[in-house]
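> Sequence and predicted structure, then a few things I'm wondering about:
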Amino acid sequence: MDYFIVRSFDHVGYYETRLVLLLIGLALVTYAAVRKRDYRYALAFASGVVFQSLLEWLLAALGLRGRNYSLSLLGVTFSATWSIVWQGLAEGGILSLMAFWFADLFHFSKDQAALPRRAFYAVCVVIVVLAGAVGVMARGLPISSPRPMFAPLPMTISVVTIAVSALLISLKGCTGWRALGWFYLGLLVYVVLTFEPLHVLGARYVAVRTAEGGFAAAPWLPQIGLMLYSHLYEVAGGKIYYFVVPYVLGLLNSKGGKHA
């Protein structure tokens, strides 16, 4: 049986919430760089923007977002190209930033992190509130993006990127693996806070094809199991290279020119 991740929020407020988070993220990056002379947050943000844009371009090129996929922001429907750019900025950037912030708080700099712990928790609350609002607005609306979960080419690409990431991080030894582990946990925190409210409220869920060619929610057991798989492997696992590439290049393991 083929399973899909489907969602109905692309034209119902979701990207307005991403705009809010983008502005928060830019403010945090600016604070870290200007007040703390810590540019790691800007680099983590930039890495997420670049790699998410490339990922969205690939999904669009392979037709895995569905026909005529687009998104809306403040009543304006974006073209495919601008949708890719916007998702890089508003999704990849904040995801990578939040995951690195988590790693910095609990591993790299701990209580001496450039961005304080209470601010991190406050942003987490904002993420949940915004996701919940979108979930309420988008629940029951027509599906805007059906994505097959086990399409061979994307799965191959995911396996390759994870394998290459593991190979690269192994060059840093145990230190690198510990750093990656904390970043991965940060990715999971962000993924759960962002997507579980949408899942619970029915705006993003696991679906199967119906006899008529439409989509219906999968039964509860595969619904839970496959969404867990998506969180752990597809989303968080599939994005560890957002951290690995700049870290191996020595861009994320120093603070103000000194070892963090």
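Thanks, I have the structure now. In this text the structure is predicted, and so the values were computed from the model without any measurement.

> so who does the most centrally placed residue in the chain touch?
For the chain, the residue sitting closest to the mean C-alpha position, by C-alpha atoms, centre = their mean, is Leu95 at 4.5 Å. Each residue near Leu95 by C-beta atoms under 8 Å, 6 or more residues apart in numbering is listed here: Gly48, Gln52, Leu187, Tyr190, Val191, Lys239, Tyr242. Quick note: C-beta positions are derived from backbone N, CA and C, even for glycine.

> now do Phe4
Contacts of Phe4 (C-beta under 8 Å, 6+ apart): Pro146, Arg147, Pro148, Met149, Val206, Ala207, Val208, Arg209, Phe215.

> Quickly find the element holding the residue nearest to the centre of the chain.
Secondary structure from DSSP states H and E places Leu95 in helix 93-103.

> tell me which residues of that helix are tucked away?
Gly93, Ile94, Leu95, Ser96, Leu97, Met98, Ala99, Phe100, Trp101, Phe102, Ala103 (16 or more other C-beta atoms under 10 Å).

> Convert the helix or strand just after that helix to PDB, retaining C-alpha atoms only.
Remark: after helix 93-103, the chain's next helix or strand is helix 117-138, criterion DSSP H and E. What follows is helix 117-138, C-alpha atoms only, in PDB (Å, rounded to 0.1, in the frame of the first residue of the first chain):
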ATOM      1  CA  ARG A 117      17.800  29.600  27.300                       C
ATOM      2  CA  ARG A 118      14.600  31.500  28.300                       C
ATOM      3  CA  ALA A 119      14.400  33.000  24.900                       C
ATOM      4  CA  PHE A 120      14.600  29.500  23.300                       C
ATOM      5  CA  TYR A 121      11.700  28.300  25.400                       C
ATOM      6  CA  ALA A 122       9.700  31.400  24.600                       C
ATOM      7  CA  VAL A 123      10.200  30.800  20.800                       C
ATOM      8  CA  CYS A 124       9.200  27.200  21.300                       C
ATOM      9  CA  VAL A 125       5.900  28.400  22.800                       C
ATOM     10  CA  VAL A 126       5.400  30.700  19.900                       C
ATOM     11  CA  ILE A 127       6.000  27.900  17.400                       C
ATOM     12  CA  VAL A 128       3.300  25.700  19.100                       C
ATOM     13  CA  VAL A 129       0.800  28.500  19.200                       C
ATOM     14  CA  LEU A 130       1.300  29.400  15.600                       C
ATOM     15  CA  ALA A 131       1.100  25.800  14.500                       C
ATOM     16  CA  GLY A 132      -2.100  25.300  16.500                       C
ATOM     17  CA  ALA A 133      -3.700  28.300  14.900                       C
ATOM     18  CA  VAL A 134      -2.900  27.100  11.400                       C
ATOM     19  CA  GLY A 135      -4.100  23.600  12.300                       C
ATOM     20  CA  VAL A 136      -7.500  25.000  13.300                       C
ATOM     21  CA  MET A 137      -7.800  27.100  10.100                       C
ATOM     22  CA  ALA A 138      -6.700  24.400   7.700                       C
END
